[in-house]
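>>> Let me see the structure of the following:
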Amino acid sequence: MALAGCQSSQTTQPGDVGTAQAQRSGFLGDYSQLKPAPDRDGVELYIDRSVDYTRYTKLLLDPIQVLATPAPGQPPPAPDAVARMSADFQQSLQRALAPTYQVVTAPGPDVLRVRIAITNLQTVKPPTGASDFLPIKALYNAGRAAAGTSPRLVEMTAEMEALAPDGRRVVAATATRRGDKTLPQGEQITWAELQSISDYWAGNFRSRLDEMRGSGTARASADE
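Numbers count the residues shown, from 1 in each chain. Predicted coordinates:
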């Protein structure tokens, strides 16, 4: 289970981002349970292994939050840009979950509630006339100069948790992943550069659910 619209040096290949801990936004509140996932770089994971997950085939997806900080002197991100990121990510999840898992609109005794946030975004004002511009400032890895002409890889981070019907957290994760496309420095970021990341995470989310339910316990084989 996985999820800074930021950019980093091309010296690293597309995909998961090393083993560095993702910058924590506060969305999850308590991060003490998280441990590096042995099968996914760039992911910290917690699974309550006392839970029988076979009962859960229904998911209640909270609206996906986009946690952004306006750049100095800039207004907050446009509501329509935030709404699009949230809606597109939710659609990625629904496509990945179907048809085995049912996305529902109300809680119940066999429903897991899922909370997700795209985190650590720093926004900027869109250029005049831009139609698909994602208002995210290009950031760089610590220790790397922001100047230069080498291509960059788009990167995104997120945090998630799943709650049992009684409100108890049973799964939590933070993740950072690079996209598949390099961008010249100075090129504006659009959602197309981040969509592949949300699609990957949605597929990972589905796979993790399958693994957790495969044995009737929280003994997720991929994490042992």
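
>>> all helices of this protein, in order?
Residue ranges of the helices in the chain, as given by DSSP state H, are 79-97, 191-214.

>>> Reformat these as a markdown table; add distance to residue 43 and mean neighbour count.
Backbone N, C-alpha and C define where each C-beta goes, glycine included. Output for the helices of the chain, formatted as a markdown table (distance: least, CB to CB, whole Å; neighbours: other CB atoms under 10 Å):
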| stretch | distance to residue 43 | mean neighbour count |
| --- | --- | --- |
| helix 79-97 | 17 | 17 |
| helix 191-214 | 8 | 20 |
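
>>> And those: which comes nearest residue 45?
The minimum distance between residue 45 and those falls on helix 191-214, with 8.5 Å, by CB to CB.

>>> where does this structure have its least confident helix or strand?
Ranking every helix and strand in the chain by mean pLDDT, DSSP states H and E puts strand 6-9 at the bottom, with a mean of 36.

>>> Find the nearest non-adjacent residue to residue 90, please.
Sequence neighbours aside, residue 64 is the residue nearest to residue 90 in space, at 5.5 Å (criterion: CB to CB, 6 or more residues apart in numbering).

>>> looking at it, that neighbour is touching residue 119, isn't it?
No. Using CB atoms under 8 Å, residue 64 is not in contact with residue 119; the gap is 10.9 Å.

>>> Compare the two (neighbour count), which wins?
Taking neighbours as other CB atoms under 10 Å, residue 64 and residue 119 compare with residue 119 leading, 26 against 23.

>>> who's that one bridged to?
As for beta bridges, residue 119 partners with residue 157 under DSSP bridges.

>>> Tell me how far it lies from residue 63.
As judged by CB to CB, to the nearest Å, residue 119 and residue 63 stand 15 Å apart.

>>> measure stretch 28-45 end to end?
In stretch 28-45, first residue to last residue: 12 Å (CA to CA, to the nearest Å).

>>> Now do it, average pLDDT.
Throughout stretch 28-45, pLDDT has a mean value of 89.

>>> for stretch 165-184, same thing?
Rounded mean pLDDT across stretch 165-184 is 79.

>>> Mind pulling up the pLDDT for residue 152?
57.

>>> got it, and residue 190?
62.

>>> can you offset everything so residue one is 6?
In the new numbering, first residue 6, that becomes residue 195.

>>> show me the contacts for residue 166.
33, 119, 120, 174, 176, 177, 178 (CB atoms under 8 Å, 6 or more residues apart in numbering).
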